[in-house]
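Colleague: For reference, the sequence and a predicted model appear below.
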Amino acid sequence: MEKLRELDLLGESEPVEIPDLENEDLIEENSLSVIVRCLNPTVHKVGGLVKALPPIWGMEERLRGRGVGEDRVQFIFENEADFYHVLYRGPWFVNGWIVTIDQWKPNPGPEFLKHILFWVRIKGIPNHFLKKKVVESIVKPLGKVDVVELHAKNSSSLEYVRAKIWIKADEPLVFRKSAYFKTGEVAQLELTYEKLLKICFLCKRLKHDQSKCLFQIREEPSNRRGNQSVKKATSRGKGKGKEIASGEEPEPKVVTNLRRSSNPVQSEPKSRQRSVKDRLQWTS
């Protein structure tokens, strides 16, 4: 079937007009359901999500799921309590990788299943600027702001503030930001995504790990060309590494080879690697 599609042998026939029909019963049947989208197809399969998610939610005895697309699963609930628990108590993970979830709609818009509700901690705002408006200005580019919490419950600490945000699932996550105030002050901010487990440390996306990252794939050919150029330049100099054939400039030597490195984030400074990893921890 895929080969036929590639050869364009499955052309469309004449369109079919569907007569008016009563489908209120089907809309009612699906109204108390959610659609789950797997972001990382290398670790999430539709059949696997159907089996894995009900036990994670504690509902394996009263919940049924079914595949409704190449990367989507539908779960139909028996009561509103279970429905709202799953819809708003996330984010949810399978094998450490996050999935997006949204309420079923008969005619979903372009933003359907494109956002994840995260609690984000913002650290580094000066105490004399701890206002809701300031926090909203900082996190608004990340997505729709649902809640801002200036003071953590049952805590007297001002180490960080929290915001509940509908993060854009297909965009790189932001872990550092600079905030410029009208007074001329500049604050360096750190963002932590609560409960986040796995992410690509190269491009900061949620759809793959670093071994499948296009950033790494694009870097490797240039690394090899750079190494070959350095070797040629050295051989032409007959032992004098600085001597180069006339009219040619050697490419800069690439020190790091991402494929051979045992460290998946070798392309970043070590201090930054640690800071990102430290922030990707399960926070209760």
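Modeller: Cool, got the structure.
Colleague: isn't there a strand covering Val43?
Modeller: No - according to DSSP: H, G, I helix; E, B strand; the rest coil, Val43 belongs to no strand; its state is coil.
Colleague: Pull the number of nearby residues for it.
Modeller: When neighbours are counted by other C-beta atoms under 10 Å, Val43 registers 15. In this view, the C-beta of every residue, glycine as well, is placed from N, C-alpha and C.
Colleague: That one touches Trp97, doesn't it?
Modeller: Yes - Val43 lies in contact with Trp97 (C-beta atoms under 8 Å); the separation is 5.4 Å.
Colleague: State the mean pLDDT of the one helix or strand Ile167 maps to.
Modeller: With the criterion set as DSSP states H and E, the secondary-structure element containing Ile167 is strand 161-168. Per-residue pLDDT over strand 161-168 has a mean of 95.
Colleague: One more: stretch 59-66?
Modeller: Stretch 59-66 shows an average pLDDT of 91 in the prediction.
Colleague: Find the centremost residue of the protein, please.
Modeller: The chain has Leu206 as the residue nearest its centroid, 2.6 Å off, counting by C-alpha atoms, centre = their mean.
Colleague: wait, doesn't it sit right on Trp97?
Modeller: Yes - under the criterion of C-beta under 8 Å, Leu206 makes contact with Trp97 at 7.5 Å.
Colleague: Run through the bridge partners of the closest residue to Gly48 other than its chain neighbours.
Modeller: Spatial nearest neighbour of Gly48, excluding adjacent residues (C-beta to C-beta, 6 or more residues apart in numbering): Val94 at 7.3 Å. In this structure, Val94 bridges to Trp97 when assessed by DSSP bridges.
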